[in-house]
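A.B. asks: Pasted the sequence and its predicted model underneath.
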Amino acid sequence: MGVFSRLGNLWKGFLSLWIADIEQEHPEIAYENAINSMIAKYAKLKGATAAIIRRREDLDDRFKKANADLAQTAAELNTAVETNQDDLAVILIQKKNQLTADIAEMQTDLETAHSDAQSAKTSLLGVQSEIKKLQAERETMLAKMQSAQARIKIQEQLDGLSVDDEVRALDNVRTHIKNTIAEANLGKELSDSSLDSRLAGLRSQVGDVQAKQELAEMKARKAAQQQGQKTM
């Protein structure tokens, strides 16, 4: 293989890959190309089928004419025999034999032409059906593709509208509130355990002890007075 042939094949390969990528990105183009190709094939097959049908019709006309000629020749032969025109009878016999042979050959050709025409029409209808199926598939698949693309866009929009930032901001607020509460609790704990607080508590306890002692002394004096009154 020459260098130019190899370069040509390489270019065809790159071109094929490029077209395949485009068709994947735009499937409607791929379907349109396939349908147009099938329509072109249908047009060619239709022309070939028409030619086959015309040949069948020509053979059919020739077959009918040959049978009519054979019937006419047979009638003329009978007349020639009955009128003792032997020279004409010999010619008519030859003609009858030739027509009989021609009719037999045309019969075979006509059967083949009928079979070919039927096969061509079946193929034509098959291609026509494939075109319709491909057109219906195009509509269905493109609709599915559009639906899938719409779902992807919606998902992308939902992803773009993520509430992560808002949730993080709320978490920061929650943390700040908890820190503030903890700071307040810590202030109270530090206040309760501070020296001033302990001294204040101690003073309160001292006052209570002194009051209790004074109360006890008052009760003792009162009891002593009552005891003295009883002894008098």
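C.D. replies: Cool, got the structure. Note that the structure is predicted; figures quoted are calculated from it, not measured.

A.B. asks: can I see the domain layout of the protein?
C.D. replies: Following automatic domain parsing, one finds the domains of the chain at 3-162, 202-232.

A.B. asks: can I get the ones you listed in TSV with mean pLDDT, distance to K178 and mean neighbour count?
C.D. replies: Just so you know, the C-beta spots here come from the backbone N, C-alpha and C atoms, and that holds for glycine as well. TSV is the format used below for the domains of the chain (pLDDT from 0 to 100; distance: least, Cβ to Cβ, whole Å; neighbours: other Cβ atoms under 10 Å):
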stretch	mean pLDDT	distance to K178	mean neighbour count
domain 3-162	83	25	13
domain 202-232	70	34	9
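
A.B. asks: Quick one: closest of these to V173.
C.D. replies: domain 3-162 (18.4 Å; Cβ to Cβ).

A.B. asks: Quick check: which element contains T140?
C.D. replies: helix 86-160 (DSSP states H and E).

A.B. asks: for that helix, packing partners?
C.D. replies: helix 27-82 (3 or more Cβ pairs under 8 Å, 6 or more residues apart in numbering; DSSP states H and E).

A.B. asks: tilt between the helix it packs on and helix 86-160?
C.D. replies: 170 degrees (axes from the mean of the first three to the mean of the last three Cα atoms, to 10 degrees).

A.B. asks: What helices and strands are in contact with helix 27-82?
C.D. replies: With contacts taken as 3+ Cβ pairs under 8 Å, 6+ apart, helix 27-82 sits against helix 3-25, helix 86-160.

A.B. asks: Quick check: which of those helices is nearest to A43?
C.D. replies: helix 86-160 (9.7 Å).

A.B. asks: if we can go back for a sec, okay, the domains of the chain in TSV with distance to R174 next?
C.D. replies: As requested, these are exported to TSV (distance: least, Cβ to Cβ, whole Å):
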stretch	distance to R174
domain 3-162	19
domain 202-232	39
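
A.B. asks: Quick one: closest of those domains to A182.
C.D. replies: Nearest of these (Cβ to Cβ): domain 202-232, 28.6 Å.

A.B. asks: Relative to R221, how far out is A50?
C.D. replies: 146 Å (Cβ to Cβ, to the nearest Å).

A.B. asks: Oh, that last question was meant for A74, not what I typed.
C.D. replies: 176 Å.

A.B. asks: Tell me which of the domains of the chain lies nearest to H176.
C.D. replies: Closest among these, using Cβ to Cβ: domain 3-162, at 22.6 Å.

A.B. asks: which SS class is N84?
C.D. replies: N84 falls in the coil class when you classify it by DSSP: H, G, I helix; E, B strand; the rest coil.

A.B. asks: just use 418 as the starting number from now, easier for me
C.D. replies: Right, with 418 as the first residue, what we last looked at is N501.

A.B. asks: for it, phi and psi?
C.D. replies: The phi/psi pair for N501 (degrees, to the nearest 10) reads phi 60, psi 40.

A.B. asks: So it versus L494, what's the distance?
C.D. replies: 13 Å.

A.B. asks: Over to R473?
C.D. replies: From R473 to L494 the distance is 31 Å (Cβ to Cβ).

A.B. asks: same deal with A521?
C.D. replies: Distance from A521 to L494, by Cβ to Cβ: 18 Å.

A.B. asks: same thing with D519?
C.D. replies: 16 Å.

A.B. asks: what does T525 give?
C.D. replies: T525 is 25 Å from L494, by Cβ to Cβ.
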